[in-house]
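1. Turn this into a model:
(chains A and B)
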There are 2 protein chains.
Amino acid sequence: MQTNNNAQSPQWLDSVKWNSQGLVPAIAQEVGSKDILMMAWMNRDALLETLQKGQAVYWSRSRQKVWHKGEESGHFQEVKSIHLDCDGDTILLMVEQKDGIACHTGAHSCFFNDLDISSGVPVWRDLFHGDKK
Amino acid sequence: MQTNNNAQSPQWLDSVKWNSQGLVPAIAQEVGSKDILMMAWMNRDALLETLQKGQAVYWSRSRQKVWHKGEESGHFQEVKSIHLDCDGDTILLMVEQKDGIACHTGAHSCFFNDLDISSGVPVWRDLFHGDKK
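-> As a prediction, this is how the structure comes out:
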């Protein structure tokens, strides 16, 4: 992704259907492996900064602030392309994941809990950390 | 996915962090291609029915009812596995997409709008239907 001087042009940002909190879900998918790494939220500033920086920037709902992914962990996401769904309310980022670690737990992907129904009683199994939930 | 008699056991459903509306986002990813097909929402009943049917069932926010994907279009999603993210607030379904069409517009995937920055002014380009937005 290249930054450019006209990124503030609002038309593309206005095409996004922000929810009542001014947010949209954003899915990060890894280029190459096509693994889904995480789902987070973006506000308008976060999406604009993502384009400008060429790195994923989200809105932290828990901290209520713009969150440049990797700013603390070093696990930046280089954004290769940005996509919007049919009704304009979900973003998809294709990214290269620095160090191959997207999750704050150290996992490659945040989706490490698999629903195991083999015993007859559904149980989430943490395939990365080895726990049951 | 197999249905079973103990699916109502609530522990696995209680592990999901439903939002204030009782919903979580659910991403459908295609087995094999690993394409991200769509993102929709589930409530507790929808997730339980997904497990029981072995087909994706969502909550339609616009119609405010449980929505068995494909019930009108025939484009059912056979669910092969169900995953939950690190903080329990997003579901990932691995699915086989009937007819290869997930989107109500006829597209394979709902994420057909690509952000094109080649002209210097970001524009969403509809790569499936050929429109600009």
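
2. Hmm, A:Met42 is touching A:Val24, no?
-> Yes - the criterion here is CB atoms under 8 Å, and A:Met42 meets it with A:Val24 at 5.7 Å. To be clear about C-beta, it is placed using only N, CA and C from the backbone, and glycine gets the same treatment.

3. neighbours of A:Cys110, just the number please.
-> 24 (other CB atoms under 10 Å in any protein chain shown).

4. Check it and give its pLDDT.
-> We have a pLDDT of 98 for A:Cys110.

5. pretty sure it is touching B:Cys86, no?
-> Yes - assessed by CB under 8 Å, A:Cys110 is found in contact with B:Cys86 at 4.4 Å.

6. quick one on the thing from earlier: which residues are common contacts for A:Met42 and A:Val24?
-> Listed as contacting both A:Met42 and A:Val24 by CB atoms under 8 Å, 6 or more residues apart in numbering or on different chains are A:Ile91.

7. ok so, going back, who touches both of A:Cys110 and B:Cys86?
-> Shared contacts of A:Cys110 and B:Cys86, defined by CB under 8 Å, 6+ apart, comprise A:Cys103.

8. ok, the nearest residue to A:Thr90 once chain neighbours are set aside - contacts?
-> The shortest distance from A:Thr90 to any non-neighbouring residue, by CB to CB, 6 or more residues apart in numbering or on different chains, is to B:Met39 (4.4 Å). If a contact means CB under 8 Å, 6+ apart, then B:Met39 has A:Pro25, A:Ile27, A:Asp85, A:Thr90, B:Pro25, B:Ala26, B:Ile27, B:Ala28, B:Cys110 as its contacts.

9. Identify those among these that sit within helices.
-> Assigned to helices by DSSP state H, none of the contacts of B:Met39 qualify.

10. Name every strand pairing with the host helix or strand of A:Met94 and say which way it goes.
-> In this structure, A:Met94 is located in strand A:91-97 according to DSSP states H and E. The sheet places strand A:91-97 alongside strand A:24-30 (parallel), strand A:77-84 (antiparallel), with pairing taken from DSSP bridges.
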